[in-house]
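Colleague: Sequence first, predicted model second:
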Amino acid sequence: MTDAGLAVTALHSLLGDRILGPDSKSYDEHRRVWNAVHDRRPALIARCVNAVEVSSVLRYARSAGLAVTVRGGGHNVAGRAVSDASVMIDLSLMRGVSVDPSARSARAQGGCLLRDLDAATTPHGLACPAGVVSHTGLGGLALGGGYGWLARRWGLTCDHILAAEVVLADGSIVEATESAHSELLWALRGGGGNFGVVTRFTLRLRPVGPVVHRTGVYSMGDGVDALAAYREFAEQQSAELHTVGAFKIASEQDWIPAKLRGRPTLHLTAAWFGDPGDGDDAVRPLFDKFAPAGRLERVLSFSDLQALGDHSEPHGHRYFTKSCYLGEISPAVAEAMVRNAEEIRSPRSCVDFEYLGGAITDVPDEDSAFPWRAAPYMYTASAHWTDPNADDEEAAWSRRSIARLDKWHYGGSYVNYVQDQPSSGSIDIYGADRYRRLAEIKRRYDPDNLLRHNQNIAPERSLAEDQQIA
Ligand SMILES: Cc1cc2nc3c(=O)[nH]c(=O)nc-3n(C[C@H](O)[C@H](O)[C@H](O)COP(=O)(O)OP(=O)(O)OC[C@H]3O[C@@H](n4cnc5c(N)ncnc54)[C@H](O)[C@@H]3O)c2cc1C
């Protein structure tokens with residue numbers, strides 16, 4: 001028997017029916033990811049429960065000459081968790097979290113969803129800053145950066161990675177900390193899933209209490225004026241506030257004026273993370289500047305806030321998301337944003353934007369692989385539909401929306417929102433200096449590029465890439 005043949009036999013005896021091939025009964029169930037656009041068929045799915053099993057799978061894949069993908073939450077819009085003819089390491093059985101309230105830290109396994117982390121931390125009045133939909137995977141989100149409600153107050157998720165247990169491409173298991181494998185830790189803070197399989201994160205936690213949450217809805221006709229009010233407010237707001245906007249079809253809820261329900265609208269939302277008693281005064285100026293047609297006022301627990309967006313992004317629908325950093329929301333940008341929103345095709349699609357800044361920019365630029373900390377705005381055009389026949393038109397709307405704002409792009413892009421960018425696009429995402437450092441680290445930790453079906457940092461640069469970097 002070949003080495004690979006022996007290794008697969010050993011895998012079967014270690015993982016039993018948690019090794020799935022195309023003939024296995026639950027193969028289709030486990031190869032599926034959140035975005036139904038991606039219908040890929042891995043050679044093998046390994047549903048691991050610990051780092052030792054992950055190590056065995058990596059050793060097998062190397063011996064068999066197969067590339068490896070890692071499934072954290074399976075939420076990546078580009079479907080990076082799964083690839084044809086590769087080995088998928090599925091971490092969805094590794095979702096344990098333990099909290100040390102006195103140290104304000106948590107240990108979370110690599111397959112956790114954000115809701116697993118929140119469920120363990122919020123009873124202690126603590127949270128790790130992370131994304132805004134609770135069924136997103138912690139793994140991909142943290143390794144690529146991690147924007148969310150608490151980012152302006154405390155920074156990105158990747159800024160909260162204190163240490164990580166990583167299974168490297170050669171199967172060895174290491175702990176990356178500030179003193180051991182510190183370059184690897186630097187790369188894990190924003191460099192994506194390029195450097196190994198993270199089986200456990202150690203995360204810094206922050207105090208959280210009730211959140212004062214206010215939303216105003218505007219007609220499309222008021223969109224440009226409301227955006228001007230948003231810009232003026234958001235660019236001055238304290239770091240305890242996070243203010244976001246969305247163009248979307250208004251729901252049928254009572255607080256929305258009847259004439260706007262079911263129609264395209266602009267929603268502005270402010271969330272206050274300081275003393276709840278100060279929340280109203282902090283938020284009021286946003287809506288005083290330009291009064292909304294309807295207003296929703298509530299105080300939410302942190303875990304309720306985290307779950308607010310869950311229902312609007314279900315598994316198994318079709319998605320195409322492009323995003324960009326914007327330098328400004330000037331009147332011309334506002335006009336273009338409204339136009340993009342008017343061209344939305346599917347009633348489920350939406351455009352989101354948010355002013356960043358705050359604690360995101362407090363972290364020195366050289367302290368992590370995460371690039372573009374100073375970008376003022378994030379803008380995202382998310383197409384969401386169900387009919388496979390509409391794939392091309394939906395993606396075209398999202399691409400066109402980002403292209404329309406081209407003149408005002410700040411530069412770079414956020415790796416976790418990247419959709420149809422070639423691997424060579426990683427240089428644009430990270431910038432030449434950062435990319436060079438990441439490529440050095442990749443050469444050390446994954447020289448054969450076993451983990452390559454991601455937004456890839458190539459250990460070997462092609463001539464073209466070298467010329468681009470020079
Ligand atoms: C509905 C929705 C809401 C979102 N909201 C936000 C948001 O608020 N803020 C934000 O910043 N982003 C957000 N995102 C983007 C999100 O950060 C990315 O989609 C991210 O890739 C999701 O991680 P995952 O583990 O679920 O993905 P997966 O598809 O499982 O993996 C994505 C990539 O990460 C790698 N990876 C995952 N886990 C590990 C691991 N443990 N070790 C090594 N590599 C790993 C994978 O190999 C793959 O390359 C959102 C996405 C969706 C779909």
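Modeller: Nice, thanks for sending it over.

Colleague: alpha carbons only for contacts and neighbour counts from here, please
Modeller: Will do.

Colleague: Show me what from this protein comes close to the ligand.
Modeller: With Cα under 6 Å from any ligand atom as the criterion, the chain comes near the ligand at residues 69-77, 79-81, 110-111, 131-133, 136-141, 145-148, 193, 196-199, 313, 416-417, 454.

Colleague: Pop the domain breakdown of this structure in here.
Modeller: 3-90, 97-207, 211-417, 423-469 (automatic domain parsing).

Colleague: if you compare those domains, which one is most tucked away?
Modeller: Burial of the domains of the chain is given as mean neighbour count (mean count of other Cα atoms under 10 Å); domain 97-207 ranks first at a mean of 23.

Colleague: End to end on that domain, go ahead and measure it.
Modeller: 17 Å (Cα to Cα, to the nearest Å).

Colleague: Over to stretch 212-226?
Modeller: So stretch 212-226: terminal residues 21 Å apart, Cα to Cα.

Colleague: which residues sit against it?
Modeller: Applying Cα atoms under 8 Å, 6 or more residues apart in numbering, the contact partners of stretch 212-226 are 256, 260, 264-273, 276, 279-280, 283, 287, 290, 292-300, 331, 334-335, 338.

Colleague: Restricted to strands, list these.
Modeller: Among these, DSSP state E puts 264-272, 294-300 in strands.

Colleague: tell me the contacts of residue 260?
Modeller: So residue 260 contacts 219, 250 (Cα under 8 Å, 6+ apart).

Colleague: Restricting to C-alpha, output stretch 123-142 in PDB.
Modeller: Provided in PDB are the C-alpha atoms of stretch 123-142 (Å, rounded to 0.1, in the frame of the first residue of the first chain):
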ATOM      1  CA  PRO A 123     -23.400  35.800  31.700                       C
ATOM      2  CA  HIS A 124     -20.200  37.300  33.100                       C
ATOM      3  CA  GLY A 125     -20.900  40.800  31.600                       C
ATOM      4  CA  LEU A 126     -18.100  40.200  29.100                       C
ATOM      5  CA  ALA A 127     -17.700  39.900  25.400                       C
ATOM      6  CA  CYS A 128     -15.100  39.600  22.700                       C
ATOM      7  CA  PRO A 129     -15.700  42.200  20.000                       C
ATOM      8  CA  ALA A 130     -16.800  40.300  16.900                       C
ATOM      9  CA  GLY A 131     -19.300  40.400  13.900                       C
ATOM     10  CA  VAL A 132     -23.000  41.300  13.800                       C
ATOM     11  CA  VAL A 133     -24.500  38.000  12.700                       C
ATOM     12  CA  SER A 134     -24.300  35.300  15.400                       C
ATOM     13  CA  HIS A 135     -24.200  32.300  13.100                       C
ATOM     14  CA  THR A 136     -20.900  33.600  11.500                       C
ATOM     15  CA  GLY A 137     -17.800  31.500  12.300                       C
ATOM     16  CA  LEU A 138     -15.300  32.900  14.800                       C
ATOM     17  CA  GLY A 139     -12.400  31.300  12.900                       C
ATOM     18  CA  GLY A 140     -12.600  33.000   9.600                       C
ATOM     19  CA  LEU A 141     -13.900  36.300  11.100                       C
ATOM     20  CA  ALA A 142     -11.100  36.600  13.600                       C
END
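
Colleague: if you average pLDDT over that stretch, what comes out?
Modeller: Mean per-residue pLDDT for stretch 123-142: 97.

Colleague: Now do it: distance to the chain's middle.
Modeller: Using Cα atoms, centre = their mean, to the nearest Å, the mean C-alpha position of stretch 123-142 is found 10 Å from that of the whole chain.

Colleague: From what I see, residue 378 and residue 322 are in contact.
Modeller: No: using Cα atoms under 8 Å as the test, residue 378 is too far from residue 322 to be in contact (10.9 Å).

Colleague: now stretch 212-227: how far from the chain's centre is it?
Modeller: For stretch 212-227, the distance to the chain centre is 26 Å (Cα atoms, centre = their mean).

Colleague: how far does that stretch stretch from start to finish?
Modeller: 22 Å.
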